[in-house]
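> I would like to see how this sequence folds:
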Amino acid sequence: MKQLKLTSLTIAIAAGLMLSGCGSDSDSTPTPKTAMVSFSIADAPVDDAQEVVVAIDAIELVKDGQENLILDVSGENDLDYMQVDLKQFQGGDSALLLGDQELTVGEYKELILHVLDESEGPDFSYVTELSGAQIPMKQPSQKLKLGGFEVTSDGVQRFTIHFDLRTALVSNQNGQRYNLKPHGVEIVDNSTVASLYGTVDASLVTSCVGDENEGSFVYLYPGVGMTNEQLADNFDPAINVNPLPEGAVRPTNSTVVEMKDGSNDYSYAFGFIPAGDYTVAFSCSAAFDSPESYEGLTIPNPETQRHDVTLNNEEDLEQNFQEAQ
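Here you go, the predicted structure:
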């Protein structure tokens with residue numbers, strides 16, 4: 001009988017351990033899925049500067065349910081920050097900020113660039129104007145807060161932080177300082193974007209000679225089927241005080257038309273555009289397009305110089321602007 005009692009006790013203890021083990025399995029938190037991610041930076045051209053240099057020392061990621069993640073950015077020669085002249089990375093080119101980062105799959109609410117601005121010294125972030133003057137850049141709190149993005153488990157994801165400097169770069173304090181605004185900056189998944197490029201007939205570029213707003217640009221608008229009157233110039237809806245035409249559509253990007261070195265052709269290019277339907281329009285009279293306020297510039301100009309285009313994932317589409325025959 002004594003042996004039987006010992007055996008029963010042993011069985012009971014073993015059973016309890018088994019139940020405890022089962023409970024632990026059911027209560028354990030599954031390992032979250034992760035993916036490899038890279039971040040690059042690029043620009044849509046700005047026409048009134050030689051250089052737009054930004055010094056970045058970290059990328060901060062905000063995600064519900066976890067502490068903010070700080071990813072350090074480093075540059076050449078063992079610098080603990082990276083300096084990028086955005087004017088060198090236009091029309092589809094980009095500079096790699098961070099590669100092969102393992103991130104938890106899911107929605108990220110915000111990406112924040114940590115910028116070293118004039119408070120760290122005059123040679124970190126600045127704009128070199130066409131005159132050669134170097135003007136410092138000030139970034140409030142030294143942080144540029146951008147939008148969200150999603151990390152999936154489908155292989156390696158490559159994101160590009162894409163600046164439209166005609167919209168994002170603002171001169172203030174009577175031209176004594178520049179500031180970067182999140183308005184005009186997008187985070188795009190490279191697998192879901194396209195590029196658009198083309199030539200512009202020289203006669204179109206010169207068709208506004210003598211106009212007070214002389215200057216050739218191409219504008220990109222989301223969607224198709226708008227009237228010419230709806231195609232607005234750049235403005236920031238948060239601060240614009242000028243009356244807008246009914247149904248005004250704000251451009252997603254705009255870029256200068258220029259003659260490339262070694263070429264006799266005028267051309268333009270947009271990179272990192274999300275796939276979809278767009279209207280692309282040329283204007284020869286848009287030099288003084290403020291990124292903040294609607295000016296009522298004539299787009300398109302000439303009035304027939306617009307096209308509907310459909311951009312597909314990872315496609316390079318050519319759309320030229322030619323003088324009407």
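> C-alpha only now, for contacts and for neighbours.
OK.
> before we move on, which element is the spatially closest residue to Leu111 that is not a sequence neighbour in?
Excluding the flanking residues, the one nearest Leu111 by CA to CA, 6 or more residues apart in numbering is Leu61, at 4.9 Å. Using DSSP states H and E, Leu61 falls within strand 49-62.
> Show residues contacting the helix or strand just after that strand.
Using DSSP H and E, the helix or strand that follows strand 49-62 in sequence is strand 69-72. By CA atoms under 8 Å, 6 or more residues apart in numbering, the residues outside strand 69-72 that reach it are Asp57, Ala58, Ile59, Glu60, Leu61, Val62, Asp80, Tyr81.
> which one among those gets closest to Met137?
Asp57 (15.3 Å; CA to CA).
> pLDDT wise, what is the closest residue to that closest one other than its chain neighbours at?
Closest residue to Asp57 apart from its sequence neighbours, by CA to CA, 6+ apart: Tyr81 at 4.1 Å. At Tyr81, the model reports a pLDDT of 95.
> residues near Tyr81, how many?
20 (other CA atoms under 10 Å).
> Could you do Ala95 as well?
18.
> Please read off the pLDDT at it from the model.
On the pLDDT scale, Ala95 is placed at 92.
> And Lys145, by the same measure?
The score at Lys145 is 92. That number is its pLDDT.
> could you turn the strand holding Leu61 into CSV, dropping everything but the C-alphas?
What follows is strand 49-62, C-alpha atoms only, in CSV (Å, rounded to 0.1, in the frame of the first residue of the first chain):
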residue,chain,number,x,y,z
ALA,A,49,19.4,76.6,-55.8
GLN,A,50,22.8,75.1,-56.5
GLU,A,51,22.8,72.7,-53.5
VAL,A,52,20.2,71.6,-50.9
VAL,A,53,22.3,69.8,-48.3
VAL,A,54,20.7,67.9,-45.4
ALA,A,55,22.6,66.2,-42.5
ILE,A,56,20.7,63.3,-41.0
ASP,A,57,21.9,61.3,-38.0
ALA,A,58,19.0,59.1,-37.3
ILE,A,59,15.6,57.7,-38.4
GLU,A,60,13.0,57.3,-35.7
LEU,A,61,10.0,55.0,-36.3
VAL,A,62,6.7,55.2,-34.4
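> and the residue nearest to Gln142 when sequence neighbours are not counted, what is it in contact with?
Counting by CA to CA, 6+ apart, the nearest residue to Gln142 once its immediate chain neighbours are dropped is Val115, at 5.0 Å. Listed by CA under 8 Å, 6+ apart, the contact set of Val115 reads Val54, Ala55, Ile56, Asp57, Ala58, Ser125, Gln139, Gln142, Lys143, Leu144.
> Could you rerun that using 6 Å?
Ala55, Ile56, Gln142, Lys143 (CA atoms under 6 Å, 6 or more residues apart in numbering).
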